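Trainee: Got a predicted structure here, sequence first:
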Amino acid sequence: MMQRLHRFALRANGIRNNAAASSVITSRQQARSYLGGAGEMKSRRDNADGADDVAKREQELWDRAQPRYNAIMERHLRLPTAGKDMNDSSGMTEEERDLAVRKKRLVYRSKQRGWLEVDLLLGTWASENVPTLSVKELDDFENFVNLETIDIYNVLTLRADVPEDMRSSGDGEMSLVERIQMWAKESPLGKADKDK
């Protein structure tokens, strides 16, 4: 279709020879595909001559900014803890504060997955149950929350089995993930009207 349009435009401009038209079309098509063949990007700082003033200034700015950048990245990636310097009048020990922070973080992560369905199902379960979980159950729940959102969705909606390492050990008691799956199955949030 595109070649036909080009030929029509060329004929309108007085080019009637098919060979000339096809060479013009080919050169136009090659001109359009330049983005993919741009080659590897190179920084000005990689020039061998070192005479580029912009590259020198850019390197000076980077050298000056890099320590602050590293400090910000380290602070960003470090998980917050409830340290001794927290102004807390609740009388909680440092371990209890750390556990409370961890529970709040897990509830938040459960509610902010990015998929409305998972946010509602997992976030509602977490709000109701995470405050009463033991440390081992918190570890299990954190492993579950660390899965990809699509995998969590598939487990919650019974489209996929509970991952092998998160299943019960066969002692008659359900694992945490199996309990979440059962809750989602019985929850009004997890039920849809089949008639609609």
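Mentor: Perfect, thanks for sending it.
Trainee: tell me, how many neighbours does residue 145 end up with?
Mentor: Neighbourhood size, residue 145 [other Cβ atoms under 10 Å]: 17. For every residue, glycine as well, the C-beta is placed using N, CA and C.
Trainee: Verify the stated contact: it with residue 108.
Mentor: No - judged on Cβ atoms under 8 Å, residue 145 makes no contact with residue 108 at a distance of 10.2 Å.
Trainee: The longest helix along the chain - what's its average pLDDT?
Mentor: Determined from DSSP state H, the single longest helix within the chain is helix 53-77. Averaged over helix 53-77, pLDDT sits at 86.
Trainee: Same question for stretch 154-174.
Mentor: The pLDDT scores in stretch 154-174 average 87.
Trainee: Of all the residues in it, which ones are buried?
Mentor: For stretch 154-174, a neighbour-count test (16 or more other Cβ atoms under 10 Å) marks 155-157, 162, 166 as buried.
Trainee: end to end, how far does that stretch reach?
Mentor: One end of stretch 154-174 to the other measures 18 Å (Cα to Cα, to the nearest Å).
Trainee: Give me the contact list for it.
Mentor: For stretch 154-174, the external contacting residues (Cβ atoms under 8 Å, 6 or more residues apart in numbering) are 117-118, 121-122, 140, 143-144, 147, 151, 153, 175-178, 180-182, 184-185, 190.
Trainee: Please narrow the residues you listed to those residing in helices.
Mentor: Among the contacts of stretch 154-174, the members found in helices (DSSP H) are 117-118, 121-122, 140, 143-144, 151, 153, 176-178, 180-182, 184-185.
Trainee: Count the residues that sit near residue 152.
Mentor: Residue 152: 23 surrounding residues under other Cβ under 10 Å.
Trainee: Make residue 1 into 663 and carry on from there
Mentor: In the new count, where the first residue is 663, that last one comes out as residue 814.
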